[in-house]
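Engineer: model the structure of this input:
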Amino acid sequence: MNTNTAAATLPQNAPLMAPLLGGRIDAIDILRGLIILIMMLDHVRERFFMHTPVGDPIFDHIAPEFFFTRFITHFCAPIFIFLAGISAWLYAHPANGTYRSPSGFLFKRGLVLMMFDIVLYTLLWVDLGYNTIWLQVLWAIGLSMLGLSVACKMNTWLIGALGFIITFGHDLLNAYRFTPEDPGFIFWAILNQNDVIGQIAGMTIKVSYPSLAWFGVILLGYCAGALFAKTISPLVRIKSFMMIGLACILTLLVLRGFNLYGEALPWSVQATGIETLMSFLNFTKYPPSLNYLLVTLGVGCMLIALFEAVQQHAVKPLSVLKTFGSAPMFVYFAHLYLILAAYWILFTIIGPTHGERFGLPTVATIWIGTVILTAILYMPTKKFAAYKHKHKREKPWLSYL
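Structural biologist: Residues are numbered from 1 along each chain as shown. So this is what the prediction gives:
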């Protein structure tokens, strides 16, 4: 079959492209691994530092070391969802160059992630007496995948344009607040309003991650996946991601610097330079403001460019990140339940230290705990990743981990 005949058999949104590599793309796994380690830091903080609330945006009276520990964890959700979009594009454009629709895969994977979030994440907190189903990040990723399973039928650049419009325009919708008595309240809360949407079997259902903005992010990621096409040289890809990242940061500096748009809480000059920086970087996450997405996705794109540039060097820390990034769901649930076990072991041995709960004494101990957790999980993750990539063809369920 000649090239023209082959092109005629492909959907209009499927140019003759294939991913750069026949296997996994190291830069993506490395970045995903870095985000997973930062995510573990956030969850150690969440379980062992509950005595110090952070707020959304972050409360302005907390210590700088705690502020920035929380701030860097802001990068987890947007970069992870952006990478999910890139991965969906790579699934649709495999190394053999034959386009395959990602709709079915995205739909099934999205439903599985939403189920994981509702069941497995909820079980983590019943030990503390919570009777709430939080619709968290896996819910948002899963719902975004369901949306992408439909949107992926469009031309790639139309997908990118829709993602751009949603990402830059969703802040305009924040002025519209629905009450439980309003028609469409549940639908609106799921899309753009952090709220309780009802109860089921005595459990309160709370939307923690309204999904509209995250849908915009996964669409942008899908469009960005085209930069990994075989027709794109590594140098062009590196420059493109770096330029996108810099454009995001420059846009942020203008919008945030003059308090123009993209964040409900304006920044202001404070008594010290560090406090002024904290005010400037204090963004809303639930739902994510445009400024929040600009800084996180901007840095994320620059990190993709960096890891793409250095991945050919045998740098040990990068191989560690790659290991964690190659089995993300395994690490996600393994570390959450390991943190849960560690909490109750320490509670049993030491007892409550902050009211009725056990808590770590300093922010530094959060970091130390994360390092210990990383060391414990590294070898199990490495072994599971090897098993997964060896057997996932005959055991499709492994692809969900």
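
Engineer: can I get the CA coordinates of stretch 37-51 in CSV?
Structural biologist: The C-alpha coordinates for stretch 37-51 follow below in CSV (Å, rounded to 0.1, in the frame of the first residue of the first chain):
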residue,chain,number,x,y,z
LEU,A,37,7.2,11.8,44.7
ILE,A,38,5.8,15.3,45.3
MET,A,39,2.4,13.7,45.6
MET,A,40,3.7,11.5,48.4
LEU,A,41,5.0,14.5,50.2
ASP,A,42,1.5,16.0,50.0
HIS,A,43,-0.2,12.9,51.4
VAL,A,44,2.3,12.6,54.2
ARG,A,45,1.5,16.2,55.1
GLU,A,46,-2.2,15.5,54.8
ARG,A,47,-2.2,12.5,57.1
PHE,A,48,0.4,13.6,59.7
PHE,A,49,0.0,17.4,59.7
MET,A,50,-3.8,17.6,60.0
HIS,A,51,-3.4,19.8,63.0
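
Engineer: show residues contacting that stretch.
Structural biologist: Here stretch 37-51 makes contact (Cβ atoms under 8 Å, 6 or more residues apart in numbering) with 69-70, 72-73, 75-76, 80, 321, 324, 331-332, 335-336, 339-340, 343, 354-355, 357-360, 363, 365-367, 369-370, 373-374. Every residue, glycine included, has its C-beta placed from N, CA and C.

Engineer: which residue is nearest the middle of this protein?
Structural biologist: Nearest to the centroid of the C-alpha atoms of the chain, with distances taken as Cα atoms, centre = their mean, sits residue 77, at 2.4 Å.

Engineer: what's the one helix or strand that one maps to packed up against?
Structural biologist: Residue 77 is located in helix 76-92, with elements delineated by DSSP states H and E. Contacts defined by 3 or more Cβ pairs under 8 Å, 6 or more residues apart in numbering; DSSP states H and E place helix 76-92 against helix 26-48, helix 103-116, helix 137-151, helix 212-224, helix 290-310.

Engineer: output the third one as PDB, nothing but the C-alphas.
Structural biologist: Coordinates of each C-alpha in helix 137-151 appear next as PDB, following Å, rounded to 0.1, in the frame of the first residue of the first chain:
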ATOM      1  CA  VAL A 137      -8.200  13.900  41.700                       C
ATOM      2  CA  LEU A 138      -8.800  10.400  40.200                       C
ATOM      3  CA  TRP A 139     -12.500  11.300  39.800                       C
ATOM      4  CA  ALA A 140     -11.400  14.400  37.900                       C
ATOM      5  CA  ILE A 141      -9.000  12.500  35.700                       C
ATOM      6  CA  GLY A 142     -11.500   9.800  35.000                       C
ATOM      7  CA  LEU A 143     -14.300  12.300  34.200                       C
ATOM      8  CA  SER A 144     -11.900  14.200  31.900                       C
ATOM      9  CA  MET A 145     -11.000  10.900  30.200                       C
ATOM     10  CA  LEU A 146     -14.700  10.300  29.500                       C
ATOM     11  CA  GLY A 147     -14.900  13.700  28.000                       C
ATOM     12  CA  LEU A 148     -11.800  13.200  25.900                       C
ATOM     13  CA  SER A 149     -13.200   9.800  24.700                       C
ATOM     14  CA  VAL A 150     -15.700  11.900  22.800                       C
ATOM     15  CA  ALA A 151     -13.600  15.000  22.000                       C
END
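
Engineer: how far is the helix or strand following it from where the chain is centred?
Structural biologist: Using DSSP H and E, the next helix or strand after helix 137-151 towards the C-terminus is helix 156-169. Its chain's C-alpha centre and that of helix 156-169 lie 18 Å apart, by Cα atoms, centre = their mean, to the nearest Å.

Engineer: same question for stretch 197-214.
Structural biologist: The answer for stretch 197-214 is 18 Å, by Cα atoms, centre = their mean.

Engineer: ok, and what's touching that stretch?
Structural biologist: Contact with stretch 197-214 is made by 77-78, 81, 122, 131-137, 139-141, 143-144, 147, 166-167, 170, 173, 185-186, 189-196, 286-288, 293, as judged by Cβ under 8 Å, 6+ apart.

Engineer: and it, end to end?
Structural biologist: Stretch 197-214 has an end-to-end distance of 19 Å (criterion: Cα to Cα, to the nearest Å).

Engineer: which parts of it are buried?
Structural biologist: Residues of stretch 197-214 classed as buried: 197, 205-214 (neighbour count, 16 or more other Cβ atoms under 10 Å).

Engineer: my guess is residue 141 meets residue 80, correct?
Structural biologist: Yes - taking contacts as Cβ atoms under 8 Å, residue 141 lies within contact range of residue 80: 7.2 Å.

Engineer: of the buried residues of stretch 197-214, closest to residue 97?
Structural biologist: Checking these against residue 97 with Cβ to Cβ, the nearest one is residue 214 at 30.6 Å.

Engineer: pLDDT below threshold where in the stretch 201-350 of the chain?
Structural biologist: Scanning the stretch 201-350 of the chain for pLDDT under 70 picks out 312-315.

Engineer: now do the helices in it.
Structural biologist: With helices called from DSSP state H, counting those that start in this stretch, the stretch 201-350 of the chain shows them at 212-224, 234-257, 273-280, 290-310, 316-325, 328-350.

Engineer: comparing these, which comes out most buried?
Structural biologist: With neighbours defined as mean count of other Cβ atoms under 10 Å, the helices of the stretch 201-350 of the chain peak in mean count at helix 212-224, which reaches a mean of 27.

Engineer: and that helix with helix 234-257, angle?
Structural biologist: Here helix 212-224 runs at an angle of 150 degrees relative to helix 234-257 (axes from the mean of the first three to the mean of the last three Cα atoms, to 10 degrees).

Engineer: off-centre distance for helix 212-224?
Structural biologist: Helix 212-224 sits 11 Å away from the centroid of its parent chain (Cα atoms, centre = their mean).

Engineer: could you check the angle it makes with helix 290-310?
Structural biologist: 30 degrees.

Engineer: give me the mean pLDDT for stretch 130-147.
Structural biologist: Mean pLDDT, stretch 130-147: 92.

Engineer: now do the buried residues in that stretch.
Structural biologist: In terms of neighbour count (16+ other Cβ under 10 Å), stretch 130-147 has its buried residues at 133-147.

Engineer: between those residues, which is closest to residue 32?
Structural biologist: When the buried residues of stretch 130-147 are compared against residue 32 (criterion: Cβ to Cβ), the nearest one is residue 141, at 12.7 Å.
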